[in-house]
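**Q** got a sequence here, can you build the structure:
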Amino acid sequence: MHAFNLQPKTLSLAERLADLAVDALIDEADLSPKPALVDRRGSGAHSDLHLGLMHASALSLWPAFKAMADAATAFGEIGLPLREAVGRIGREGEQAMLDTTGGVNTHRGAIWALGLLVTAAALDPESTAASSVSIRAARLALLDDRYAPRPLSHGAQVAQRYGARGAREEAQLGFPAVLQRALPQLKCSRAAGHGEQNARLDALLAIMTNLADTCVLYRAGEQGLHTMQLGAQAVLDAGGSASLAGRRRLHELDQQLIALNASPGGAADLLAACLFIDRIESGDSLKQGAF
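**A** Take a look at the predicted model:
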């Protein structure tokens, strides 16, 4: 068959949502310069991660995201059967991630956040407003998966120790760090003409100003958390990442967090969630059935 005679493939809703979730993870990884996180410059505060590994990890999760969206379509409603199906698929996706990365945890938190959001979007693709999708995701997160492993993750252990809100609670509350901080800042920076990459950096910083990031708490304790929150606010107060003063503050924050071995992985996961919600909010991305 001649190449010009090839017809574009029509994508299912589940495939489009999986594409958007993986795109969000790759865009988050590529965004630079992120403080103490893996990006195009290097590995930040990590010794076991690099950009290629983050890309491979994101791509390995596509089947899991598609399966979650398919499950949402099959069950058609929020309930324990869907919650437990999504939990099982998420654990299978986590194992695929670990097989790809040689056992390195690259996206465990993102599987939880984006998995819930993909499922929520698939449940009602005609209702893609950020608030609507986050509410459906929260309702799903509030259900108890009877088959979930009971040992606490590092993030959950740290959340208990410091009384912080972990990834589970953030989802159960409807992702307030995304809806109340990241998305408004993203849109504000865009409206100010700061450029897409700077707007995304500002959205990440907006998350960091208030989030009790359990990744930072685990690696650097309360000192690391205070450094992250105050430093992120200082960047925004100086004009954000699009300004020279803001870039200087961002460089300082990067160096401070690396010195503390503090990497804001929780904030990075929520930025990916923000980018996913931003893409589906207009509904246009879900209407494009071909590539």
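
**Q** show me the contacts for residue 57.
**A** Shown in contact with residue 57 (C-beta atoms under 8 Å, 6 or more residues apart in numbering): 25, 97, 100-101, 106-107. Placement of C-beta: from N, CA and C, glycine included.

**Q** what is the mean pLDDT for the longest helix seen in the chain?
**A** Counting by DSSP state H, the longest helix found in the chain is helix 214-237. Averaging pLDDT along helix 214-237 gives 96.

**Q** that older thread, out of the contacts of residue 57, which end up buried?
**A** Neighbour-count burial (16 or more other C-beta atoms under 10 Å) applied to the contacts of residue 57 gives 25, 97, 100-101, 106-107.

**Q** nearest to residue 182 among those?
**A** The closest of the buried ones among the contacts of residue 57 to residue 182 turns out to be residue 25 (C-beta to C-beta; 15.3 Å).

**Q** which other helices and strands contact the helix or strand harbouring that closest one?
**A** Using DSSP states H and E, residue 25 falls within helix 13-30. Under the contact criterion of 3 or more C-beta pairs under 8 Å, 6 or more residues apart in numbering; DSSP states H and E, helix 13-30 touches helix 51-60, helix 62-75, helix 108-123, helix 265-281, helix 284-287.

**Q** any idea how many residues pack against the closest residue to residue 281 other than its chain neighbours?
**A** Nearest residue to residue 281, sequence neighbours excluded (C-beta to C-beta, 6 or more residues apart in numbering): residue 130, at 5.3 Å. Using other C-beta atoms under 10 Å, residue 130 has 18 other residues around it.

**Q** and what of the one 3 residues further on?
**A** Here the count is done by other C-beta under 10 Å, and residue 133 has 27 residues near it.

**Q** now do the contacts for the nearest residue to it once chain neighbours are set aside.
**A** For residue 133, ignoring the flanking residues on the chain, the nearest one in space by C-beta to C-beta, 6+ apart is residue 120 at 4.9 Å. By C-beta under 8 Å, 6+ apart, the contact list for residue 120 reads 72, 133-134, 136-137, 140.

**Q** re the thing from before, for the longest helix of the chain, which positions count as buried?
**A** By 16+ other C-beta under 10 Å, the buried positions in helix 214-237 come out as 214-220, 224-225, 227-229, 231-236.

**Q** below-threshold pLDDT in this structure: ranges please.
**A** Scanning the chain for pLDDT under 70 picks out 1-8, 151-152, 154-155, 283-284, 287-291.

**Q** quick revisit: in strands only, show me the contacts of residue 120.
**A** Per DSSP state E, strands hold no members of these.

**Q** rebuild the residues you listed as CSV, extending it with distance to residue 264.
**A** Output for these, formatted as CSV (distance: C-beta to C-beta, whole Å):
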residue, distance to residue 264
72, 30
133, 24
134, 21
136, 27
137, 22
140, 26
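
**Q** and the two most separated of these?
**A** Between all members of those, the farthest pair (by C-beta to C-beta) comes out as 72 and 134, at 15.0 Å.

**Q** mind listing the helices for the stretch 51-200 of the chain?
**A** 51-60, 62-75, 80-101, 108-123, 130-141, 154-162, 167-172, 176, 183-191, 196-208 (DSSP state H, counting those that start in this stretch).

**Q** okay, the angle between the last one and helix 13-30?
**A** Translated: helix 196-208. Counting by axes from the mean of the first three to the mean of the last three C-alpha atoms, to 10 degrees, helix 196-208 lies at 90 degrees to helix 13-30.

**Q** any idea how far stretch 80-98 is from the middle of the chain?
**A** Mean C-alpha position of stretch 80-98 versus that of the full chain (C-alpha atoms, centre = their mean, to the nearest Å) differs by 17 Å.

**Q** got the CA positions of that stretch in CSV?
**A** Below are the C-alpha coordinates for stretch 80-98, written out as CSV (Å, rounded to 0.1, in the frame of the first residue of the first chain):
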residue,chain,number,x,y,z
LEU,A,80,-16.4,-0.2,44.9
PRO,A,81,-16.2,-2.5,41.8
LEU,A,82,-14.6,0.3,39.7
ARG,A,83,-12.4,1.4,42.6
GLU,A,84,-11.0,-2.1,43.1
ALA,A,85,-10.5,-2.6,39.4
VAL,A,86,-8.6,0.7,39.1
GLY,A,87,-6.5,-0.3,42.2
ARG,A,88,-5.6,-3.6,40.6
ILE,A,89,-4.7,-2.0,37.3
GLY,A,90,-2.6,0.6,39.1
ARG,A,91,-0.6,-2.1,40.9
GLU,A,92,0.0,-3.8,37.6
GLY,A,93,1.1,-0.5,36.1
GLU,A,94,3.4,0.1,39.0
GLN,A,95,5.0,-3.3,38.4
ALA,A,96,5.4,-2.6,34.7
MET,A,97,7.1,0.7,35.7
LEU,A,98,9.5,-1.1,38.1
